[in-house]
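> compute the structure for the input listed below.
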Amino acid sequence: MPNSLDRKLQKNLDRAVKKLLDITQNPSTEVSYPTPVLRQTPEDESQLANHMAFLAQSHEGAKYISAACVEEMKGGSVIRLASNETPSEHTRYGLGTILNTMKDGITQGFSRDTLRETIFDHVMNLSQERIIQRIRPRWSDSPTYYNHDEEPLWHRINTYILQPMKPTPPNMSRLIPKIHKLLSALILLETPEIPSNQYLRDSVRVIVRCCATISCSGDYGSLREQLRDIPGGQGISGSKEIAQIDKLARYFLLSQDLAELAQIPRYCGLIQNISLEYLSKEMFHVEGRKGYFIHAEVQLILYYERQSLEKPPRAIGCSKSSCFLCDLLIQKLEKYHISYTHGRLYKDWKIPYISWIPSKSVEPFRSILRSMITQMKSLSSSQSREFKPFGLESRAVLPLSTHLTSSRSTMPFSAANPSRRLCHTENVGNRPWVPVPKADMISDSESTDPANDDMHLLQAMATVEDEAQDVEDEQEDDARCDEVLDTTTIDMLVFFPVGLGPGWVRQW
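Purely as a prediction, here's the structure:
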């Protein structure tokens with residue numbers, strides 16, 4: 001800029017100041033311009049959004065993939081959810097009940113343990129169907145988009161996790177007994193027919209707690225993290241089976257998180273006046289595009305483009321890891337944080353032009369899309385055509401916020417503990433390997449009556465305190481098992497498998 005223009009501007013400024021100063025030295029009254037205070041830390045906001053999105057996907061399938069944001073406002077907060085299928089009444093009721101329980105924990109002064117266990121109970125009521133889909137017992141149906149029936153989780157853990165680690169590496173001696181205990185609980189679901197509701201309810205709770213004791217150890221918040229730091233564990237740390245254990249654990253761990261968040265004093269106002277709102281899938285309907293999916297993260301981004309919020313969301317929580325293009329869009333926008341991307345590219349990803357998008361937002365989005373195109377062209381020219389294994393599309397997001405992590409290493413499991421249970425297995429012809437009660441617990445005539453199956457299985461899981469104590473006494477000389485019992489307060493499921501299918505015979 002020419003110096004003469006600078007001098008002219010300065011002279012004009014000086015004249016204006018002198019003229020106003022001749023009139024008053026205080027042309028304006030005092031005004032405060034406070035920065036909008038976001039009372040949640042970014043980590044807690046991200047964690048809460050991730051938890052709600054994870055719970056919102058209470059059914060299997062791409063159309064139920066969910067994303068969530070936390071909106072803070074004067075006197076409260078809103079959880080806003082998006083997906084390609086309007087949540088069912090069951091899902092809406094379940095999520096609402098969980099949030100109401102967090103409110104009750106504040107107004108009624110629940111202890112942290114009581115609040116955690118109450119939240120956990122509602123989480124399990126909401127998520128039982130999804131948990132069964134993750135466990136995949138033989139009597140459950142595989143999704144129609146699977147090319148073949150998926151093996152039960154216990155079988156996959158044994159085949160792809162335990163078998164490759166024989167003999168057990170010394171540095172995994174504390175981990176293996178916990179995994180065996182999980183298998184015991186999983187195999188109890190391998191019944192000839194669908195078990196009773198009560199049996200299912202009890203079983204999935206035990207399984208989730210077992211997974212939590214595996215995932216949560218010391219300063220670690222996931223089994224994947226533990227294995228990555230153990231020599232010999234890196235090779236299996238990224239497997240689907242390990243991720244599934246971490247995801248099952250999350251149903252308990254998020255209950256712990258939500259209870260802790262509700263009892264942080266500065267969050268009380270946010271939690272006491274928290275509400276749940278959903279984006280309608282009709283908002284993103286595109287003419288002539290049947291079955292056209294707009295990714296849930298994109299739905300939220302478009303929605304907030306027409307909102308003017310004093311405290312806009314900073315994080316988008318997802319029930320599945322974000323894809324390559326959602327991640328790239330979020331990077332270009334520089335407004336939101338996500339926790340994970342699997343980096344996979346999908347050809348049908350779109351940002352639709354919808355009439356209600358403000359005109360002021362259209363050109364910035366066009367600019368961002370052009371930038372994304374440029375970056376993809378650059379990647380196309382620099383990458384060779386070769387097969388690369390896909391990243392897991394649903395990586396569990398488990399770490400707690402910094403100020404909460406101290407409680408993770410001493411996670412209490414004392415409330416509502418499952419009792420110690422004792423049972424055996426036997427080979428039942430061509431049927432799945434089915435856990436049955438000890439022979440002296442039922443008669444032969446009873447065991448042949450299908451109507452008694454549930455009764456038999458519940459007997460197998462009944463509390464047998466004296467027998468469990470005998471087992472503990474026998475294990476006192478086993479330092480490894482003693483160490484496991486000392487480091488967790490959840491009672492052990494004691495299981496003596498005769499055989500779990502070809503190639504696996506374990507002796508205890």
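> for Ser322, name its beta-bridge partners.
Listed beta-bridge partners, Ser322: Thr341 (assigned using DSSP bridges).
> burial check on it, number of neighbours?
Counted by other CB atoms under 10 Å, the residues lying close to Ser322 total 24. All C-beta spots, glycine's among them, are computed from the backbone N, C-alpha and C.
> who's in contact with it?
Under the criterion of CB atoms under 8 Å, 6 or more residues apart in numbering, the neighbours of Ser322 are His295, Glu297, Ile316, Ile330, Ile338, Tyr340, Thr341, His342.
> switch to 7 Å and redo it
If you count contacts by CB atoms under 7 Å, 6 or more residues apart in numbering, Ser322 has them with Glu297, Ile338, Tyr340, Thr341.
> equivalent analysis for Thr101, please.
Thr118, Ile119, His122.
> pretty sure it is in a helix, no?
Yes - Thr101 sits within a helix when classified using DSSP: H, G, I helix; E, B strand; the rest coil.
> pLDDT score for it?
For Thr101, the pLDDT comes out at 97.
> ok, it to Gly235 distance?
Taking CB to CB, to the nearest Å as the measure, Thr101 falls 41 Å from Gly235.
> now swap in Ala249 and tell me
In this view, Ala249 and Gly235 are 21 Å apart by CB to CB.
> okay, the two: which has more neighbours?
Neighbours of Ala249 and Gly235, each counted by other CB under 10 Å, are more numerous for Ala249; the result is 26 against 10.
> so that one sits against Ala212, correct?
Yes - in terms of CB atoms under 7 Å, Ala249 counts as a neighbour of Ala212; the distance is 4.4 Å.
> so where's the stretch 301-450 of the chain shaky on pLDDT?
Scanning the stretch 301-450 of the chain with the threshold set as pLDDT under 70 gives 353-354, 383-450.
> quick one: the strands in it?
With DSSP state E, counting those that start in this stretch applied, the stretch 301-450 of the chain shows strands at 317-318, 422-426, 434-436, listed in chain order.
> from Met372, how far off is Lys63?
25 Å.
> those two: which is more packed in?
The neighbour count for Lys63 versus Met372, taken as other CB under 10 Å, is higher for Met372 (17 against 12).
> give me the nearest residue to the more buried one, chain neighbours excluded.
On the basis of CB to CB, 6 or more residues apart in numbering, the spatially nearest residue to Met372 that is not a chain neighbour turns out to be Leu328, at 5.4 Å.
> Thr118 now?
Closest residue in space to Thr118, ignoring its immediate chain neighbours: Thr101 at 5.4 Å, by CB to CB, 6+ apart.
> residue ranges with poor pLDDT in the stretch 1-150 of the chain?
Using pLDDT under 70 as the threshold, the predicted model of the stretch 1-150 of the chain has low-confidence ranges 1-11, 14, 25, 27-38, 143-148.
> go again using 50 as the cut-off
For the stretch 1-150 of the chain, residues meeting the criterion pLDDT under 50 lie at 1-5.
> that one: strands as residue ranges?
Across the stretch 1-150 of the chain, reading from the start of the chain, the strands by DSSP E, counting those that start in this stretch fall at 66-73, 76-83.
> how about the ones you listed in a markdown table, adding distance to Tyr199 and mean neighbour count?
Supplementary listing: the strands of the stretch 1-150 of the chain in a markdown table, determined by distance: least, CB to CB, whole Å; neighbours: other CB atoms under 10 Å:
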| stretch | distance to Tyr199 | mean neighbour count |
| --- | --- | --- |
| strand 66-73 | 29 | 24 |
| strand 76-83 | 31 | 23 |
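> for Ile131, find the nearest of those.
Of all the strands of the stretch 1-150 of the chain, strand 66-73 sits nearest to Ile131, with 16.4 Å by CB to CB.
> which strands or helices does that closest one pack on?
Other elements packing on strand 66-73 under the criterion 3 or more CB pairs under 7 Å, 6 or more residues apart in numbering; DSSP states H and E are helix 42-56, strand 76-83, helix 296-305, strand 317-318.
> tell me what angle that strand forms with helix 42-56.
Here strand 66-73 runs at 130 degrees with respect to helix 42-56, directions being taken by axes from the mean of the first three to the mean of the last three CA atoms, to 10 degrees.
> neighbouring strands - and their directions - for strand 66-73?
According to DSSP bridges, strand 66-73 has the following sheet partners: strand 76-83 (antiparallel), strand 317-318 (antiparallel).
> re earlier: who wins for proximity to Pro192 among the strands of the stretch 1-150 of the chain?
Distance to Pro192, taken as CB to CB, is lowest for strand 66-73 among these, at 34.7 Å.
> what sits against the spatially closest residue to Lys311 that is not a sequence neighbour?
With CB to CB, 6+ apart as the criterion, Lys311 has its nearest non-adjacent residue at 4.4 Å, and that residue is Glu72. Contact partners of Glu72, counting by CB under 7 Å, 6+ apart, are Leu38, Arg39, Gln40, Leu270, Lys311.
> which of the residues you listed sits closest to Ile176?
When those are compared against Ile176 (criterion: CB to CB), the nearest one is Gln40, at 39.1 Å.
> all good on my end, thank you.
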